[in-house]
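Trainee: Here is my input, please return the structure:
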Amino acid sequence: MRGLFDAGAAGDYNAVEPGAVVGHHGEAMSEEATGPRQRVLVVDDHAVVRAGFRKILDATDDLETAGEAGTAGEALALAAEGRFDVVMLDISLPDANVLETVAALRRRSPALPILIVSMHPEDQYAVNLLRAGASGFFAKAGEAKDLLAALRLVIAGRRYVSPALAEALALEATGVTQEPPHRQLSNREFQVFVGLAAGKTVTDLADAMCLSVKTVSTYRTRVLQKMNLERNADLTAYALRHNLLV
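Mentor: So this is what the prediction gives:
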């Protein structure tokens, strides 16, 4: 997060509870007081990180932190109320996998843009999150000005990927570099892969994904075949090598 918060953006703030709706300068506000700015829902389980983002956003003329959440559950509840123009979603939340959270947000608010913000390498996770319905992927190591540009782009209805990721994808598309096996998975398959790699059972995933155990087992078989692996332990080892466990 060094790039985002280097300039003291996280200093001198009033703490706001996650799950709250906030106004300019971070004070609590009523549901009606939204103002002319584009309203951002900031979702991160670390209060100091939310404070840093709030400082960056509220220093602009066109964006404001209109709500904060520390869990996926809080984010879904706030997003369903329809007062936001974009969600800034941390990739690692304590109560849900990010793919599940993106899918749930898409179901509840189909038109709401979602910008994923992550400490993890974008080239490993970004493609699958874009397939899941995210509007963009921004690395926390980036600059504040680039974060603001990414937010404005997805609010305008476009997708955001960094120049580095765009170049990597272009090289894969032209065959210059080889696409890693996990990129060949469908969104559902990738979700099952990540869950199994993290130690979840087929039953756990069936409950979380609202699918039958038989369906999830079928996805597991496809994942192992596509990735040329034999068992769940192989999935975990692969995920660790590629920084895919969040």
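
Trainee: contacting residues for Val202?
Mentor: Contacts for Val202 (C-beta atoms under 8 Å, 6 or more residues apart in numbering) come out as Leu196, Val213, Val216, Ser217, Arg220. In this view, the C-beta of every residue, glycine as well, is placed from N, C-alpha and C.

Trainee: let's see it at 6 Å
Mentor: Counting by C-beta atoms under 6 Å, 6 or more residues apart in numbering, Val202 makes contact with Val213, Val216, Ser217.

Trainee: That one: what's its closest spatial neighbour, skipping adjacent residues?
Mentor: Val216 (4.9 Å; C-beta to C-beta, 6 or more residues apart in numbering).

Trainee: helix or strand right after whichever strand or helix holds that neighbour?
Mentor: Here Val216, judged by DSSP states H and E, is contained in helix 213-226. Per DSSP H and E, helix 213-226 leads on to helix 232-241 as the next helix or strand towards the C-terminus.

Trainee: Give me the helices and strands touching that following helix, please.
Mentor: On a contact count with 3 or more C-beta pairs under 6 Å, 6 or more residues apart in numbering; DSSP states H and E, helix 232-241 meets helix 187-197.

Trainee: Could you list every helix and strand in contact with the helix it packs on?
Mentor: Judged by 3+ C-beta pairs under 6 Å, 6+ apart, the packing partners of helix 187-197 are helix 122-132, helix 213-226, helix 232-241.

Trainee: got the angle for the first one vs helix 187-197?
Mentor: Compare the direction of helix 122-132 with that of helix 187-197 by axes from the mean of the first three to the mean of the last three C-alpha atoms, to 10 degrees and you get 130 degrees.

Trainee: which other residues reach whatever helix or strand comes next after helix 122-132?
Mentor: Following helix 122-132 in sequence order, the next helix or strand is strand 136-139 (DSSP H and E). Contacts to strand 136-139, defined as C-beta under 6 Å, 6+ apart, come from residues Leu115, Ile116, Val117, Glu122, Ala126, Leu129, Leu147, Ala150, Val154, Arg159, Tyr160.

Trainee: Can you verify the first one is assigned to a helix?
Mentor: No - using DSSP: H, G, I helix; E, B strand; the rest coil, the secondary structure at Leu115 is strand, not a helix.

Trainee: I am finished for the moment; much appreciated.
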